[in-house]
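Colleague: with the input below, show me the fold.
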Amino acid sequence: MKIITTLFLLLAGLSTALADSAAPAPTASAPSSAASASPTVAIVPVPTATLQLVQKDNRLHAYVVVESPVQTESSVSIQWTAPAHSGCMSSTFPLTYRGKLYHTHAYRTVVFGLPSNKTRVCSGTWQVAVLDAQGNVLVSNTAVVTAPAPVAATTPAAAASAQ
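Modeller: The predicted structure is shown next:
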């Protein structure tokens, strides 16, 4: 009996939907109540983020805080854009978080040694952005990377001559 009742209600709803679609369109002189009704929109809470960039020695550090208005599990990406003509690569790192408040720290090595005993410095303006799960920019910042000051070599002979 339940199946027949459910089937009847389903068919009744289908016939109503078909009758509504076959009805003539309302004229401009008589506005439809359906046209004046506003559509239902689901509001998705958007997280906010802060980003602080600091160069320490041979690394550019990004300190990120993501805050969500509700307890959630989502993801963000930290997108590093290397300076133009630096020869250094840009990259993106996805991170998953859970909760209302998420702290993370990431870094890029911007000064590194090459096998030929030369040093590569990715100097110039780095662009760092924090993206939400849909790819929208939550926050971005730039940092100008400079080569670190050379460290004076200390050898036993140099230390003895300094005395």
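
Colleague: make it CA atoms for all contacts and neighbour counts henceforth
Modeller: OK.

Colleague: which stretches of the chain form helices?
Modeller: For the chain, applying DSSP state H gives helices covering 2-22, 33-36, 156-161.

Colleague: biggest strand in this protein by residues?
Modeller: In the chain, assigned by DSSP state E, the strand with the most residues is strand 59-81.

Colleague: buried set for it?
Modeller: Buried residues in strand 59-81, counting neighbours by 16 or more other Cα atoms under 10 Å, are found at 59-62, 64-68, 76-81.

Colleague: show me what it is packed against.
Modeller: Helices and strands touching strand 59-81, as assessed by 3 or more Cα pairs under 8 Å, 6 or more residues apart in numbering; DSSP states H and E, comprise strand 48-56, strand 91-109, strand 124-131.

Colleague: try it again with 10 Å
Modeller: Strand 59-81 sits against strand 48-56, strand 91-109, strand 111-113, strand 124-131, strand 137-145, with contacts defined as 3 or more Cα pairs under 10 Å, 6 or more residues apart in numbering; DSSP states H and E.

Colleague: now mean neighbour count too, for those strands, in TSV please.
Modeller: Supplementary listing: the helices and strands packed on strand 59-81 in TSV, determined by neighbours: other Cα atoms under 10 Å:
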stretch	mean neighbour count
strand 48-56	17
strand 91-109	13
strand 111-113	14
strand 124-131	20
strand 137-145	17
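
Colleague: got those strands as JSON lines, with distance to Thr40 columns?
Modeller: Supplementary listing: the helices and strands packed on strand 59-81 in JSON lines, determined by distance: least, Cα to Cα, whole Å:
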{"stretch": "strand 48-56", "distance to Thr40": "25"}
{"stretch": "strand 91-109", "distance to Thr40": "26"}
{"stretch": "strand 111-113", "distance to Thr40": "53"}
{"stretch": "strand 124-131", "distance to Thr40": "27"}
{"stretch": "strand 137-145", "distance to Thr40": "26"}
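
Colleague: now for the residue lying closest to Thr92 once chain neighbours are set aside: which residues touch it?
Modeller: In space, not counting the residues next to it along the chain, Thr92 is nearest to Gln79; the distance is 4.3 Å by Cα to Cα, 6 or more residues apart in numbering. Taking Cα atoms under 10 Å, 6 or more residues apart in numbering as the definition of contact, the neighbours of Gln79 are 90-94, 127-131, 137, 140.
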